[in-house]
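>>> sequence unavailable; structure follows:
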């Protein structure tokens, strides 16, 4: 998501002006939102465009906000213009504002750090923001049971009228209707796809999302603020039209080999891509459509939620675990109901620490992949847990993690 206290609309350039695009990692938000468990934390890398005259000013501001400049490129050295910029370039692109921030202007896009393409023939950007596909809502079902916290929906869209194709682990963009505070059309927000390439109906005619309505208190007025795009999606009714872009993303794709070990670490709606994985692995209809992919490895999902009613897709998950006990392992971290060894709330990082020795042993195999999706705040705790067991084995975790990334076995999509 874009930083409401530092990021605004993309800069407009005049003919002959010198503009530069910065790639920045680790940009903080304001003091209220910069918390490990807050719903609108920044993710991945952010791209900003600035004029030459403000480069020093922006560098200083980025440093103050805890960011790290990864690269600087002249805009005229980048490919693309209107309609020609890939979604990977567009995600998180913005310019830094030096005036007073507007905390109510929160974008729900998900800037993601994408790895180098590991596979060929991956569909990307079939539909672009200037020419989106117009789909229709087929169904919109609640995922949070009675007594749970917040609103989260499973929304299925009809894409039969176009050429939209996607793979498990990719995302699509949704463009909400209306205009932003500046009177410009709303920008797209990215959401991880929660269905397999065949869709929930196994006919390649649908795509599904798992969407939680974003809500938070305004840091100054204390009023509740609701996300523009997530509210739009959560309130959709069958027959409503939706603007879809994409697909995008290559970081979260599954390996082709069916005998791999897939360790999935999810919080909240971060379950979306893992639902797609598990359907591909274990759903009877899916398995019949994929004779070349009959999963034989171990799929282990460690899923962090606040309460039991917030376990999204609970019935599906537990049915698959019952049917495939040798191949699917399900571990919950229910923070408001379970206690960690110190007596505090049980978060996903505590479960990882609890099973760190076993995860470490599996990581030694070249057939083990780790996928992480959900709140960015879980990353440090997971690194700490695995760092402790790595240290016991005389290995520096960060260096080992870098090697896993180079091998394409460590996949992260957090927000």
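Yes, it's here. Here the structure is a predicted model, which means the values were calculated and not measured. Numbers count the residues shown, from 1 in each chain.

>>> give me the low-pLDDT residue ranges for this protein?
Applying pLDDT under 70 to the chain picks out residues 1-23, 25-47, 50, 52-57, 59-60, 62-66, 68, 70-71, 73-120.

>>> mind running it again at 90?
Along the chain, segments meeting pLDDT under 90 span 1-121, 181, 216-222, 224, 415.

>>> quick one: name whatever helix or strand follows the helix ranked longest in it.
Identified as the longest helix of the chain according to DSSP state H is helix 378-392. Where DSSP states H and E defines the elements, the next helix or strand beyond helix 378-392 is helix 397-406.

>>> who's in contact with that next one?
Residues outside helix 397-406 that contact it (Cβ atoms under 8 Å, 6 or more residues apart in numbering) are 115, 363, 370, 383, 386, 387, 390, 391, 410. C-beta: built from backbone N, CA, C; applies to glycine.

>>> which positions within that helix qualify as buried?
Residues of helix 397-406 classed as buried by neighbour count (16 or more other Cβ atoms under 10 Å): 397, 400, 401.

>>> parallel or antiparallel, which strands does whichever helix or strand comes after that helix pair with?
Next along the chain after helix 397-406, taking DSSP H and E as the criterion, comes strand 410-414. Using DSSP bridges, the strands paired with strand 410-414 in its sheet are strand 368-374 (parallel).

>>> hmm, back to that, of all the contacts of helix 397-406, which two lie farthest apart?
Within the contacts of helix 397-406, two members stand farthest from each other by Cβ to Cβ: 115 and 391, at 26.2 Å.

>>> more neighbours, those two?
Legend: neighbour count by other Cβ atoms under 10 Å for residue 115 and residue 391, higher for residue 115 (16 against 11).

>>> domains for this protein, by residue range?
7-96, 133-248, 261-414 (automatic domain parsing).

>>> residues in contact with the longest helix of the chain?
36, 265, 267, 304, 347-350, 352-353, 356-357, 359-360, 372, 396-398, 400-401, 412, 414.

>>> what about the helices in the protein?
55-64, 87-90, 228-234, 272-282, 284-289, 314-323, 348-354, 356-363, 378-392, 397-406.

>>> what angle do the longest one and helix 397-406 make?
Here helix 378-392 runs at 110 degrees with respect to helix 397-406, directions being taken by axes from the mean of the first three to the mean of the last three Cα atoms, to 10 degrees.

>>> tilt between helix 378-392 and helix 356-363?
The directions of helix 378-392 and helix 356-363 differ by 80 degrees, with the same axes, to 10 degrees as the criterion.

>>> how about helix 378-392: buried residues?
378, 379, 381, 382, 383, 385, 386, 387, 389, 390.

>>> for the chain, what's the longest strand?
If you go by DSSP state E, the chain has its longest strand at strand 133-142.

>>> which residues are in contact with residue 144?
Residue 144 sits in contact with 150, 151, 152, 309, 310, 312, where contact means Cβ under 8 Å, 6+ apart.

>>> neighbours of the closest residue to it other than its chain neighbours, just the number please.
Closest residue in space to residue 144, ignoring its immediate chain neighbours: residue 152 at 5.0 Å, by Cβ to Cβ, 6 or more residues apart in numbering. Neighbourhood size, residue 152 [other Cβ under 10 Å]: 20.

>>> mind listing what residue 242 touches?
134, 135, 136, 137, 157, 174, 233, 236.

>>> in the sheet, who's paired with the first one?
Put plainly, it is residue 134. Listed beta-bridge partners, residue 134: residue 243 (assigned using DSSP bridges).

>>> check contacts around it.
Contacts for residue 134 were tallied using Cβ under 8 Å, 6+ apart; they are 161, 241, 242, 243, 244.

>>> same thing with the fifth one?
Contacts for residue 157 were tallied using Cβ under 8 Å, 6+ apart; they are 135, 136, 137, 138, 206, 207, 208, 209, 242, 244.

>>> mind putting those into CSV with distance to residue 129?
As requested, those are exported to CSV (distance: Cβ to Cβ, whole Å):
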residue, distance to residue 129
135, 15
136, 19
137, 20
138, 23
206, 22
207, 17
208, 21
209, 18
242, 14
244, 10
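
>>> by neighbours, which of those residues wins?
Most surrounded of the contacts of residue 157: other Cβ under 10 Å gives residue 207, at 29 neighbours.

>>> buried ones in stretch 323-337, by neighbour count?
Within stretch 323-337, the residues scored as buried using 16+ other Cβ under 10 Å are 327, 328, 330, 332, 333, 334, 335.

>>> for that stretch, measure first residue to last.
From its first residue to its last, stretch 323-337 covers 27 Å (Cα to Cα, to the nearest Å).

>>> contacts for it?
So stretch 323-337 is contacted by 278, 281-282, 295-308, 311, 317-318, 320-321, 338, 345-348, 350-351, 355 (Cβ under 8 Å, 6+ apart).

>>> next, count neighbours for the closest residue to residue 316 other than its chain neighbours.
Counting by Cβ to Cβ, 6+ apart, the nearest residue to residue 316 once its immediate chain neighbours are dropped is residue 275, at 7.3 Å. Residue 275 is flanked by 26 other residues according to other Cβ under 10 Å.

>>> now swap in the one 4 residues further on and tell me
For residue 279, the neighbour count with other Cβ under 10 Å is 25.

>>> with residue 162 instead?
Neighbourhood size, residue 162 [other Cβ under 10 Å]: 14.

>>> for residue 322, same thing?
10.

>>> same question for residue 304.
27.

>>> bridging residues for it?
Here residue 304 shows beta-bridge partners residue 267, residue 333, assigned using DSSP bridges.

>>> hmm, residue 264 and it touching each other?
No: using Cβ atoms under 8 Å, residue 304 is not in contact with residue 264; the gap is 11.3 Å.

>>> can the domains of the chain go into TSV with extra columns for distance to residue 254?
Below are the domains of the chain laid out as TSV (distance: least, Cβ to Cβ, whole Å):
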stretch	distance to residue 254
domain 7-96	19
domain 133-248	6
domain 261-414	6
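
>>> ok, which of the helices of the chain comes nearest residue 190?
helix 87-90 (7.7 Å).

>>> got the phi and psi for residue 168?
Main-chain dihedrals, residue 168, degrees, to the nearest 10: phi -60, psi 130.

>>> skipping its backbone neighbours, what lies nearest it in space?
Nearest residue to residue 168, sequence neighbours excluded (Cβ to Cβ, 6+ apart): residue 276, at 4.0 Å.
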